[in-house]
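S.K.: pasted the sequence and its predicted model underneath.
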Amino acid sequence: MRLPGSIAVLSLLVGACSGPPTTGDGDAGPVAERDYTFTAVDVPSERRFKLVLESKSRRQICTGASEWPNAAGFMENASMRASVIAGQEKFRYQDFSMDVCPWKSCGNPMKQGARLESSLFYKHFALPERLYEAPKELVFRARPFWCDTGRWLDDPKR
């Protein structure tokens, strides 16, 4: 029975796309405003927050499924990463089961000048319609990581 080996491989695969890694030399990752810019705009008429990440770095940055929502607004560990505060109420983003993707393309690699756009939708916060037009604050911080610190199955350096 090869259960311990299977668990190790599964852990490696999940870890490959689970979040921003750090390198052995203490490089914690890209720095906001120096290596990338992030904006979030509330668009009540479209019932969403529009997110834009733009790379300013010559070193390629990635996001992955745990750091950036896909086109449908799905993101791993979303309830821990995003919320909306409206008045005295707080609404956490819905968690989604995401497929593990150990390929570099799933990390959304971005070269200098590239823009990545996505949305966080009101419906996934369970935001009541009475608050759609109300002032609200999105609590979400983009946390891209250096693509070359990720462990991708299709990376030739593996």
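M.R.: All right, it came through fine. Numbers count the residues shown, from 1 in each chain.
S.K.: so how many other residues sit close to the spatially closest residue to Lys50 that is not a sequence neighbour?
M.R.: Counting by CB to CB, 6 or more residues apart in numbering, Lys50 lies nearest to Val41, which is 4.7 Å off, once chain neighbours are set aside. For the C-beta atoms, the positions are set from N, CA and C on the backbone; glycine is no exception. Val41 is surrounded by 10 other residues when neighbours are defined as other CB atoms under 10 Å.
S.K.: got the contact list for Val41?
M.R.: If a contact means CB atoms under 8 Å, 6 or more residues apart in numbering, then Val41 has 49-50, 52 as its contacts.
S.K.: from those, pick the one nearest Met80.
M.R.: Phe49 (17.1 Å; CB to CB).
S.K.: wait, isn't the closest one in contact with Phe38?
M.R.: No. Contact status for Phe49 versus Phe38: not in contact, 11.8 Å apart, counting by CB atoms under 8 Å.
S.K.: among the contacts of Val41, who's most crowded?
M.R.: Among those, Phe49 has the most neighbours (other CB under 10 Å), with 23 neighbours.
S.K.: quick one: that residue is in a helix?
M.R.: No. The assignment for Phe49 by DSSP: H, G, I helix; E, B strand; the rest coil gives strand, which leaves it out of any helix.
S.K.: can you tell me how far it sits from Gly107?
M.R.: Using CB to CB, to the nearest Å, one obtains 22 Å as the distance from Phe49 to Gly107.
S.K.: report how many residues lie close to Asn77.
M.R.: Counted with other CB under 10 Å, Asn77 comes out at 16.
S.K.: what sits against it?
M.R.: 66, 95.
S.K.: need phi/psi at it.
M.R.: According to degrees, to the nearest 10, the main-chain angles of Asn77 amount to phi 50, psi 30.
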